[in-house]
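# pasting the sequence and the predicted model now:
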Amino acid sequence: MLTVRLRPWLFSVAALALSGLTLPGSVQAARISNTVAVFSGLDKITGRITEFDVYVNETVQFGALQVTPKVCYSRDSSEAQHVDAFVQVEEITLDRKIRRIFSGWMFADSPALNAVEHPIYDVWLKDCKQSSDVPKPSQK
């Protein structure tokens with residue numbers, strides 16, 4: 001029978017890694033909170049792809065869909081880019097009711113992972129940024 005002895009310090013290192021803490025000298029990518037999420041939308045009827053900017057906590061209508069990013073994160077330029085956003089998408093039905101069809105994380109580097117797939121429209125996250133050429137909606 002083979003016996004393996006584990007060193008006690010190995011458990012400490014594993015516990016640190018699982019808890020999200022870092023060892024001295026290690027570096028974590030700085031997560032940047034952005035004010036604008038950039039989406040692409042496909043209209044399957046016309047075949048047209050549209051890119052559109054949406055401010056965090058604002059809603060933009062794309063066809064019969066309403067897209068609202070809640071947060072949009074990227075990493076600083078010294079790190080590999082990982083862009084993700086928490087997004088809610090609602091559909092305006094033919095009887096003018098609004099129903100949520102998506103609520104979750106979207107990842108720009110894996111658009112097929114959590115893209116919104118609708119019979120007529122597809123929506124996916126492309127990027128996050130600090131500003132947009134689109135004017136911010138006025139506050140009420």
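Perfect, I can see it now.
# who's in contact with the nearest residue to R48 once chain neighbours are set aside?
Distances taken as Cβ to Cβ, 6 or more residues apart in numbering place L42 nearest to R48, at 7.5 Å, with adjacent residues excluded. For the C-beta atoms, the positions are set from N, CA and C on the backbone; glycine is no exception. By Cβ atoms under 8 Å, 6 or more residues apart in numbering, the contact set of L42 is 48-49, 121-123.
# moving C-terminal of the helix or strand where L42 lies, what's the next helix or strand?
Using DSSP states H and E, L42 falls within strand 36-43. Later in the chain than strand 36-43, the nearest helix or strand by DSSP H and E is strand 48-55.
# other residues contacting the helix or strand that that following strand is followed by?
Downstream of strand 48-55, the first helix or strand assigned by DSSP H and E is strand 60-62. Strand 60-62 has contacts (Cβ under 8 Å, 6+ apart) with 39, 41, 50, 52-54, 66-68, 92, 121, 123.
# paired strands for strand 60-62, with orientation please.
strand 65-75 (antiparallel) (DSSP bridges).
# which parts of the partner strand are buried?
65-69, 71-75 (16 or more other Cβ atoms under 10 Å).
# average pLDDT for that strand?
Here strand 65-75 scores 96 as its mean pLDDT.
# contacts for it next, please.
Contacts of strand 65-75 (Cβ under 8 Å, 6+ apart): 29-37, 39, 41, 54-61, 81-92, 98, 101, 116, 118, 121, 123, 127-129.
# just the buried subset of the residues you listed, please.
Among the contacts of strand 65-75, the ones that count as buried (16+ other Cβ under 10 Å) are 32, 34-37, 39, 41, 54-56, 58, 60, 83-87, 89-91, 116, 118, 121, 123, 127-129.
# find the centremost residue of the chain, please.
For the chain, A85 is the residue whose C-alpha lies nearest the centre (Cα atoms, centre = their mean; 2.1 Å).
# from Q61, how far off is P111?
Per Cβ to Cβ, to the nearest Å, P111 is found 21 Å from Q61.
# for G47, same thing?
Going from G47 to Q61 by Cβ to Cβ gives 20 Å.
# before I go, just wanted to say thanks for your time.
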